[in-house]
Every structure is written in structure tokens, then in C-alpha cells.
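Engineer: model this:
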Amino acid sequence: MSTNDRCEIRHNIIEPAMVEDFCSSDNGRHDGPHIEPGSEPPSIGKLRILPREIFQDVWCQYLDLASLTKIRSVSRGFRSAVDCLPQYKSIRTHAPNSIRAALTLRVPPFFSCRDLYIELTLDCCSSCNMFGRFLYLPTCSRVCYECFTNKKEYLVLRQDHCQLLYDISANDLNDPQVVKALSPPGRFGPGDSTGPAFRNRVSIIHMLQVQKQVEKPMGATL
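Structural biologist: Predicted structure coming up:
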């Protein structure tokens, strides 16, 4: 996805409209009355005995983005606690579509809120150190358009194509280390208006992860 809505290169990227349809953020919709300074914040249960900095650090660093989103839905107190996480708040303020896109593609299990925050604060492509205008969500990394369209480490394949191409079973592709995503419906290819239209969501896999599975010795683990 693009990190800049003014980017002129639009094809082969996830547009805001795509993710807003499938993952409309509820941030701000359920906020209660303004909490006055010094007043009791919404309850977060037994976690209230911990210094806020401790569980904030744990949530940002060790929980994946999907789990953090589930915690946020537990109660008003937890929603408030997550929304107050400095890194989450910064992403929600300046790049909310990165959260929506990650949740839409179902790739959050592979990175945390902190991982996403750090990558968004960088400006260099992870491959060539040129300006990385795009965020490659399967690996949560900055990438420039040239590397994204020309380097195999940014290539993804449909799961059924992976099985045919590499003669690999579906069970092997269910390995937790294999980076998968679920494509949103839309047109993908040379030119958004002329590329093939996909109405159903399909499972796509980071190709380098598939190659690792194929090359992995029998009985070994990644």
C-alpha cells in the first residue's frame, strides 16, 4: 500500500477505498464523555495494579496487531487503554489505513504495533535504501516502486499456484512461519481499469517463504 495518498503511481497497490469497505475503523465512534484530568479512567480489571508503562510496552512489542485489535474490543476501558498507546495513537492519527489494510489482508499475526510504527517512521526502501514510498504488508517493510515490481522478494503467489509450481502440499503451506495474506477484491495488474477483476478473496503467499519450505530438510523446522 502507498504511504502517501498523493502518489501518482496507483496500480498494483491497495487503495484506501478497498480497505475501508472491509475494515471500517471504529476509532472515535464509541468514545464516551470527555474524561477530566484526575478523574478515574475506565476500568481495565486487574491490569490496573500494573504501571501503565509496563502493559503498554508489552502490548506494543509482543502482541501482534490482530490480538491488540481484539483486546481493544473487550470493553471501553481496554479500548481507551489501547487508544492511548503512543505508537498506536500515532499510527491511527497519521496512517490509519495501514492498520485497516493489515487487518483486511489478515497479516497482523506476523508483526506487532511497534514493528508497524518503526517501519512507518522510516523513509528508505529496505532493499535499495532509496525513498520507500510504499509499505509491503506481508513482511511489514518499506519498499520503493522499482524494487516492488522487479525483485522476487516482493512477489506473492496464489496458494493453489504455489502447490502446483512447487509440488508442495497444503499442510506444508499451513506452517505458521509461512507468510500468508488474503487479497481484497479488486483489479490487479497493469492499469487498474484494465487489469483482471477478482471478486472473491484468495489466499496469497510470500514466495520466498514457499521456497524456504521447499528447501527445508525433512523433519527440520524454520
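
Engineer: make sure residue 142 is indeed in a strand.
Structural biologist: Yes. In this structure, residue 142 lies within a strand as judged by DSSP: H, G, I helix; E, B strand; the rest coil.

Engineer: quickly list what it is bridged to.
Structural biologist: Listed by DSSP bridges, the beta-bridge partners for residue 142 are residue 135.

Engineer: right, and residue 44 touches residue 77 too?
Structural biologist: Yes. Checked against Cβ atoms under 8 Å, the pair residue 44 and residue 77 is within contact range at 4.5 Å. All C-beta atoms are positioned from the backbone trio N, CA, C, and that covers glycine.

Engineer: show me the helices in this structure, by range?
Structural biologist: 16-22, 52-62, 65-72, 76-83, 86-94, 96-105, 113-121, 145-150, 159-166, 170-173, 207-215 (DSSP state H).

Engineer: between these, which gets nearest to residue 179?
Structural biologist: With Cβ to Cβ as the measure, helix 207-215 is the member of those nearest residue 179 (5.0 Å).

Engineer: ok so, going back, neighbour count: residue 44 and residue 77, which is higher?
Structural biologist: residue 44 (21 against 15; other Cβ atoms under 10 Å).

Engineer: and that one, what is it in contact with?
Structural biologist: Taking Cβ atoms under 8 Å, 6 or more residues apart in numbering, we find residue 44 in contact with 75, 77, 78, 81.

Engineer: distance check, the second one against residue 46.
Structural biologist: Per Cβ to Cβ, to the nearest Å, residue 77 is found 12 Å from residue 46.

Engineer: wait, doesn't residue 151 sit right on residue 127?
Structural biologist: Yes. Between residue 151 and residue 127 a contact is recorded at 6.0 Å, counting by Cβ under 8 Å.

Engineer: neighbour count winner among the two?
Structural biologist: Ranked by neighbour count (other Cβ under 10 Å), residue 151 and residue 127 place residue 127 first, with 19 against 14.

Engineer: next, that one: phi, psi?
Structural biologist: Reported as degrees, to the nearest 10, the phi and psi values for residue 127 are phi -100, psi -40.

Engineer: is it true that it touches residue 147?
Structural biologist: Yes. The pair residue 127 / residue 147 is scored as a contact, 4.3 Å apart, by Cβ under 8 Å.
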